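Starting from these lines, generate the structure:
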Amino acid sequence: MNWSAIGAIGEIIGAVAVVVSLVYLAVQIRQSSAVTKSMAIQNWASTSALEKSAVFSDPEFAALVVRGYADYDSLNGIDQRRFRNFYIQTMNSFELLFFQLQNGTIDAMFFEGKKGSYLQLFKHPGAHKLWDLLAEIQWDVRFRAYVDENKPGPTSQ
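Take a look at the predicted model:
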């Protein structure tokens, strides 16, 4: 066996090693992507559960939320602040979900299944009132455009 044959065998072994390394990296990237998506959904679910817990565990706060969505202006100053903070937290969760979709961290079917519960809030005048007051200073322009394009108008109570 001469040196050129040995060199050719070495190149073949090197090429095989590169292919094996690329396959290994592809598997690792796919697994990492799945873990990232799972963590994103888990993070959103935890945030959403905290919001719902705040309402369901306190009847007085639940009544405040109902009143705030029905007629934000009828709330006193402290209750307006409490409702506004709840509303901001809720819409922040929606914005997080929106950008996770944009970044490919969650899939479109998951987003489609969740967006309706956020957009239906706009059937209430209080949601429109706060959106009009806060959207420009509180949320990203891309998210605002999406909400403005998809939110329903308020319905009479």
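
biggest helix in the protein by residues?
helix 3-56 (DSSP state H).

Need the residue closest to the centroid of the protein.
Leu97 (1.1 Å; C-alpha atoms, centre = their mean).

check which helix or strand covers that residue.
Applying DSSP states H and E as the criterion places Leu97 in helix 77-102.

same check, this time on Thr155
Judged by DSSP H and E, Thr155 forms part of no helix or strand.

Over to Gly153?
Short version, using DSSP H and E: Gly153 is in no helix or strand.

Measure how far the longest helix of the chain is from the centre of its chain, please.
Counting by C-alpha atoms, centre = their mean, to the nearest Å, helix 3-56 is centred 22 Å from the centre of its parent chain.

do stretch 90-100 as well
4 Å.

And stretch 107-120, by the same measure?
A distance of 9 Å separates the centroid of the chain from that of stretch 107-120, by C-alpha atoms, centre = their mean.

Going by neighbour count, which residues in that stretch are buried?
110, 114-115, 118-119 (16 or more other C-beta atoms under 10 Å). Just so you know, the C-beta spots here come from the backbone N, C-alpha and C atoms, and that holds for glycine as well.

Which one of those residues is nearest to Ser46?
Lys114 (14.0 Å; C-beta to C-beta).

The longest helix of the chain - what's its average pLDDT?
Helix 3-56 shows a mean pLDDT of 72 in the predicted model.

Mind giving me the packing neighbours of that helix?
Counting contacts by 3 or more C-beta pairs under 8 Å, 6 or more residues apart in numbering; DSSP states H and E, helix 3-56 packs against helix 59-70, helix 77-102.

hmm, try it at 10 Å
helix 59-70, helix 77-102, helix 108-119 (3 or more C-beta pairs under 10 Å, 6 or more residues apart in numbering; DSSP states H and E).

Relative to Gln28, how far out is Leu22?
For Leu22, the distance to Gln28 equals 11 Å [C-beta to C-beta, to the nearest Å].

and Trp3, how many neighbours?
7 (other C-beta atoms under 10 Å).

ok, now Lys129?
Neighbour number of Lys129 under other C-beta under 10 Å is 18.

ok, the residue lying closest to it once chain neighbours are set aside - contacts?
Take Lys129 and drop its neighbours on the chain: the residue closest to it by C-beta to C-beta, 6 or more residues apart in numbering is Tyr72, 4.5 Å away. By C-beta atoms under 10 Å, 6 or more residues apart in numbering, the contact set of Tyr72 is 79-80, 83-84, 87, 124-130, 133.
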